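Novice: Just need the structure, nothing else, for what follows:
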Amino acid sequence: MTTTSPSDVRPDPPHSPDDASLAEFGYRQELHRSLGRYASFAAGFSFISVLTTVFQFFAFGYAFGGPVFFWTWPAVLLGQLLVAACFAELAARYPISGAIYQWSSRLSTPAFGWFAGWIMVIGQIVVVAAAALALQMVLPAIWSGFQLVGTDPTVTSSDGAANAAVLGVILLVLTTLVNVLDNRVMSVINRVGVTAEIIGAVLIIVLLLTHSERSPGITFHTTGAASTGLFGALAVGSFTAAYVMIGFDSAGEMSEETHHPRRTAPRTILTALGAAGLLGGLIILGGLLAAPSMTDGHLGVDGLSYVLTSSLGDGVGKVLLADVVVAIAVATLAIQTAACRMLFSMARDAQLPFSARLSRVNPRTGMPSAPALVVGVLAAALLLLNFASPDAFLAIGTTCIVMLYLAYAMVTGPLLIRRLRGEFTSQGTDETGAKLFTLGRWGIPANALALAYGLLMTVNLAWPRAEVYDPAGGHWYFQWFTVLFLGVTVGLGVLYRWTRARHMQAAVEPAEAAPEPIQ
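Specialist: Here you go, the predicted model:
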């Protein structure tokens, strides 16, 4: 197998300043550059998809933390804003698809960057599966006919878990189809979906706050929290916020398809996270204030779907839930697209099996079709775990967060080392001639806090708590699922690189041993 580094690629002559920005890194423009600022924002916001993720994990956060779990939201938002600020700097300097892989490789070593990309793309595939599972939280609440398997729609039941897998696979078929059509079609769906999601989120906030049953002081209570102590309740309750506020780097992931990426991507990374953080926090607060009861058990099982239909009535509640369905579909599409771009970027550098096929771009659509199929099939395969046990729902959701948090730390870590050595420059201009986005003198403290936060949250999320991952008992593999999955991911990466290195060495040795031709 031959390898390709960015310097080995001979790009075609650039046709625009944006193409020239890509050509300086040794790549030619293959993906169609058609995304404007709002489409770039939509890429990041739709990955975060505040409606999808808050509705999916609100019940879990409340079950463990009670109302006080609300305060984990601003804490996680602050930590992720520090990470996003570091990523905004990198998006301005390296406007390339495969953001995490490209950034880590250029800040550290090719091998370290490869593992960052490998962990990230596997994590993204798991996120696709987790997002698709969210349909189970809303579709049966809209109409019982969406419960195709059994009768119990609760995600913690065997019927609900199996039905979630069926609905998820149907959604993945549709998103995979869109991901092989055309990036303009994908962009339109993203923009329309994000607009509908923002409008729906604002309506939900207004309606919940105007139907309040109690004062904001309830957020200081631990009513309904699991008996794990306040610190334990908050540590586990933070899973909700941690799961919601990931994927803002997708705006950088789409840089090769964005106009003026050095200027656009940094801003949309920060605005996507900021908008999602504000809307999500208000939705959680509104849900806590408008819930008919804090102690009847519904909040910790049915979550926000219960609050909407109970407080606002079936009619309005179901209309808003239909908007959540749109958000879930668009989120699954956006996450799958981000994973496709990561696979494409690594394959373009000949860093994956079947790289030639995975890096092929359809010149008519401007889309890499093979990665879309790979991501869709692998995510669907993960959904089959739900047939094994309802506990797979939480295992899949938490695993994907850990993978992404670890990959993020594999960028912020090398970046901090570069800063401390004085090797990270704030010089340069974007496509309009303005200075590149920079943290300036706040770079080192912000970067250090971002790294520390990321590592602490990674450990917190991956900690094998039996009461979280195996509440029914008897499934040790679910309790240790995240740790085992991460270990298998790294192990497969090591095995692939070792096998690849031996293959390359075996190809080189016969050539070196060949006798000199007789003159």
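
Novice: nearest residue to the residue most central in space within the chain other than its sequence neighbours?
Specialist: Central residue of the chain (Cα atoms, centre = their mean): Gly247, 3.7 Å from the mean position. Leaving aside its sequence neighbours, Gly247 sits nearest to Phe47 (Cβ to Cβ, 6 or more residues apart in numbering; 3.1 Å). (Glycine included, C-beta is placed from N, CA and C.)

Novice: got it, and Thr175?
Specialist: Leu333 (4.4 Å).

Novice: Could you do Glu431 as well?
Specialist: The spatially closest residue to Glu431, leaving aside those adjacent along the chain, is His260, at 4.3 Å (Cβ to Cβ, 6+ apart).

Novice: what about the stretch 401-519 of the chain, any weak spots by pLDDT?
Specialist: 426, 508-519 (pLDDT under 70).

Novice: Helices along that one, start to end?
Specialist: Listed in chain order, the helices of the stretch 401-519 of the chain (DSSP state H, counting those that start in this stretch) span 443-462, 466-469, 476-479, 481-513.

Novice: can you list the ones you listed in a markdown table and add distance to Gly117 and mean neighbour count?
Specialist: Formatted as a markdown table, these follow (distance: least, Cβ to Cβ, whole Å; neighbours: other Cβ atoms under 10 Å):
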| stretch | distance to Gly117 | mean neighbour count |
| --- | --- | --- |
| helix 443-462 | 17 | 19 |
| helix 466-469 | 27 | 18 |
| helix 476-479 | 27 | 18 |
| helix 481-513 | 10 | 13 |
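
Novice: of all those, which lies closest to Pro353?
Specialist: helix 481-513 (7.1 Å; Cβ to Cβ).

Novice: Which strands and helices lie in contact with the closest one?
Specialist: Counting contacts by 3 or more Cβ pairs under 8 Å, 6 or more residues apart in numbering; DSSP states H and E, helix 481-513 is packed against helix 110-133, helix 392-420, helix 443-462.

Novice: If we use 10 Å, what do you get?
Specialist: Using 3 or more Cβ pairs under 10 Å, 6 or more residues apart in numbering; DSSP states H and E, the elements in contact with helix 481-513 are helix 110-133, helix 392-420, helix 443-462, helix 476-479.

Novice: Can you check which of these gets nearest to Arg93?
Specialist: Checking the helices and strands packed on helix 481-513 against Arg93 by Cβ to Cβ gives helix 392-420 as the closest, at 10.6 Å.

Novice: So Ser444 is in contact with Leu416, correct?
Specialist: One thing to correct before we go on: residue 444 is Ile, not Ser. Yes - at 7.3 Å, Ile444 and Leu416 qualify as touching, with contact defined as Cβ atoms under 10 Å.

Novice: any shared contact partners between these two?
Specialist: Residues touching both Ile444 and Leu416 (Cβ atoms under 10 Å, 6 or more residues apart in numbering) are Phe424.

Novice: related to what we said a few turns ago, doesn't the residue nearest to Gly247 lie inside a strand?
Specialist: No - under DSSP: H, G, I helix; E, B strand; the rest coil, Phe47 sits outside any strand and is assigned helix.

Novice: Quick check, it in contact with Ala276.
Specialist: Yes - assessed by Cβ under 10 Å, Phe47 is found in contact with Ala276 at 9.4 Å.

Novice: Next, show the common contact partners of the two.
Specialist: By Cβ under 10 Å, 6+ apart, Phe47 and Ala276 have these common neighbours: Thr53, Gly247, Phe248.

Novice: Quick check: the gap between the residue nearest to Gly247 and Gln336.
Specialist: Counting by Cβ to Cβ, to the nearest Å, the separation of Phe47 from Gln336 is 10 Å.

Novice: higher neighbour count, the two?
Specialist: Neighbour tally, Phe47 and Gln336, criterion other Cβ atoms under 10 Å: the higher count belongs to Phe47, 31 against 27.

Novice: thinking again about what came up before, average pLDDT for the helix or strand encompassing the residue nearest to Thr175?
Specialist: Taking DSSP states H and E as the definition, Leu333 sits inside helix 314-348. For helix 314-348, the per-residue pLDDT values average out at 92.

Novice: Mind checking what helix or strand follows that helix in sequence?
Specialist: Once the chain leaves helix 314-348, the next helix or strand it forms, by DSSP H and E, is helix 355-358.

Novice: List the buried residues for the helix or strand following that following helix?
Specialist: Downstream of helix 355-358, the next assigned helix or strand under DSSP H and E is helix 369-383. Within helix 369-383, the residues scored as buried using 16 or more other Cβ atoms under 10 Å are Ser369, Ala370, Pro371, Ala372, Val374, Val375, Gly376, Leu378, Ala379, Ala380, Leu382, Leu383.

Novice: what's the closest of those residues to Ser108?
Specialist: The shortest gap between Ser108 and any of the buried residues of helix 369-383 belongs to Pro371, at 24.3 Å (Cβ to Cβ).

Novice: And the helices in the stretch 101-250 of the chain?
Specialist: Here the stretch 101-250 of the chain has its helices, by DSSP H, counting those that start in this stretch, at 110-133, 139-142, 158-178, 183-210, 229-244, 250-253.

Novice: Val374 and Tyr408, how far apart?
Specialist: Val374 sits 23 Å away from Tyr408 when distances are taken as Cβ to Cβ.

Novice: and the helix or strand that contains Trp73, what does it pack onto?
Specialist: Using DSSP H and E, the element containing Trp73 is helix 72-93. Counting contacts by 3+ Cβ pairs under 10 Å, 6+ apart, helix 72-93 is packed against helix 37-48, helix 50-65, helix 99-107, helix 229-244, helix 250-253, helix 261-290, helix 392-420, helix 443-462.
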